[in-house]
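Colleague: what shape does this take:
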Amino acid sequence: MPVETNGRRISRDDLQAAVAKAIGEGQETVRASLPPVLIVAGAVAVGLVAIAYVLGRRGGRSDSAIVEIRRL
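Modeller: So this is what the prediction gives:
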């Protein structure tokens, strides 16, 4: 993106203002997209916990010992 300087030199203040503007726009974008990202991350976390529970329960059933008690 070309910058018009009107024949003057670019000062340190000009550079700092341009960088602050660019960083500010990026932070606004992050803040705007943060709530949907948190919802998706929470849903993924709940899904992973549910999958781990189901798989652990199934594994526990197949590996369980069967104890048989007989009366003599």
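Colleague: please identify the helix or strand for the most centrally placed residue in the chain.
Modeller: For the chain, Ala41 is the residue whose C-alpha lies nearest the centre (CA atoms, centre = their mean; 5.6 Å). Element membership for Ala41 (DSSP states H and E) is helix 12-62.
Colleague: residues contacting Ile23?
Modeller: By CB atoms under 8 Å, 6 or more residues apart in numbering, the contact set of Ile23 is empty. Every residue, glycine included, has its C-beta placed from N, CA and C.
Colleague: do you know the pLDDT at it?
Modeller: pLDDT, Ile23: 78.
Colleague: just Gly47 next, same as before
Modeller: Here the pLDDT value assigned to Gly47 is 96.
Colleague: what do you get for Ala43?
Modeller: On pLDDT, Ala43 comes in at 95.
Colleague: so how far is Arg57 from it?
Modeller: Distance of Ala43 to Arg57, given as CB to CB, to the nearest Å: 21 Å.
Colleague: which residues touch Arg9?
Modeller: Taking CB under 8 Å, 6+ apart, one finds nothing in contact with Arg9.
Colleague: low-confidence ranges in the protein?
Modeller: For the chain, the stretches with pLDDT under 70 are 1-5, 59-65.
Colleague: where does Asn6 sit: helix, strand or coil?
Modeller: Secondary structure state of Asn6, per DSSP: H, G, I helix; E, B strand; the rest coil, is coil.
Colleague: again with Ile66
Modeller: coil.
Colleague: and for it, the neighbour number?
Modeller: Neighbours of Ile66 under the rule other CB atoms under 10 Å: 4.
Colleague: picking up where we left off before, how far away is the residue nearest to the centre of the chain from Gly47?
Modeller: 11 Å.
Colleague: could you do Val19 as well?
Modeller: Distance from Val19 to Gly47, by CB to CB: 40 Å.
Colleague: quick check: end-to-end length of stretch 58-68?
Modeller: End-to-end distance for stretch 58-68: 22 Å, by CA to CA, to the nearest Å.
Colleague: same question, stretch 57-72
Modeller: Using CA to CA, the end-to-end distance of stretch 57-72 comes out at 34 Å.
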